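# What follows is a predicted structure for the sequence shown.
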Amino acid sequence: MEKTIEQIFAELDQVMERLESSETSLEDSFACYEAGMKLVKQCGERIDKVEKQMIVLQGEEDHGDA
């Protein structure tokens with residue numbers, strides 16, 4: 001099941017908290033950064049998908065008025 005954009009943002013918040021912690025080691029910081037970048041990519045993919053759906057719906061509306 002795909003994560004929602006809201007779920008991805010919540011995970012990104014957790015990653016950011018770990019990165020901002022002074023107790024996080026360099027190795028853990030790198031792992032957090034990598035996980036965060038994967039989440040950003042997933043979020044971008046979800047947003048692209050929604051944008052494409054909106055374009056299709058807008059096109060259907062435009063053709064329906066003609």
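That came through fine. Residues are numbered from 1 along each chain as shown.

# Going by C-alpha atoms from here, please, whenever you check contacts or count neighbours.
Will do.

# residue contacts, the residue most central in space within the chain?
The centroid of the chain falls nearest to residue 43 when counting by CA atoms, centre = their mean (1.7 Å). Residue 43 is in contact with 5, 8-9, counting by CA atoms under 8 Å, 6 or more residues apart in numbering.

# Downstream of the helix or strand containing residue 10, the next helix or strand is which one?
For residue 10, the host element (DSSP states H and E) is helix 5-20. Going down the chain from helix 5-20, the next helix or strand is helix 26-65, by DSSP H and E.

# Run the angle between that following helix and helix 5-20 for me.
Angle of helix 26-65 versus helix 5-20, following axes from the mean of the first three to the mean of the last three CA atoms, to 10 degrees, is 160 degrees.

# Could you list the buried residues of helix 26-65?
29, 32-33, 36, 39-40, 42-43, 46 (16 or more other CA atoms under 10 Å).

# I'd like these written out as a markdown table, with distance to residue 23 and pLDDT added.
Below are these laid out as a markdown table (distance: CA to CA, whole Å; pLDDT from 0 to 100):
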| residue | distance to residue 23 | pLDDT |
| --- | --- | --- |
| 29 | 10 | 95 |
| 32 | 13 | 95 |
| 33 | 15 | 96 |
| 36 | 18 | 96 |
| 39 | 23 | 96 |
| 40 | 24 | 95 |
| 42 | 28 | 93 |
| 43 | 28 | 93 |
| 46 | 33 | 91 |
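
# biggest separation within the residues you listed, which pair?
By the measure CA to CA, 29 and 46 form the most distant pair in the buried residues of helix 26-65, at 25.5 Å.

# circling back: could I get the CA-only coordinates of the helix holding residue 10 as PDB?
Taking C-alpha atoms only, helix 5-20 is exported to PDB below (Å, rounded to 0.1, in the frame of the first residue of the first chain):
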ATOM      1  CA  ILE A   5       1.700  12.500   1.300                       C
ATOM      2  CA  GLU A   6       0.800  13.200   5.000                       C
ATOM      3  CA  GLN A   7       2.400  10.000   6.100                       C
ATOM      4  CA  ILE A   8       5.600  10.800   4.200                       C
ATOM      5  CA  PHE A   9       5.700  14.300   5.800                       C
ATOM      6  CA  ALA A  10       5.300  12.800   9.200                       C
ATOM      7  CA  GLU A  11       8.200  10.400   8.600                       C
ATOM      8  CA  LEU A  12      10.300  13.400   7.300                       C
ATOM      9  CA  ASP A  13       9.500  15.200  10.500                       C
ATOM     10  CA  GLN A  14      10.900  12.300  12.500                       C
ATOM     11  CA  VAL A  15      14.000  12.100  10.300                       C
ATOM     12  CA  MET A  16      14.600  15.900  10.800                       C
ATOM     13  CA  GLU A  17      14.300  15.500  14.600                       C
ATOM     14  CA  ARG A  18      16.900  12.800  14.500                       C
ATOM     15  CA  LEU A  19      19.200  14.900  12.300                       C
ATOM     16  CA  GLU A  20      18.800  17.900  14.600                       C
END
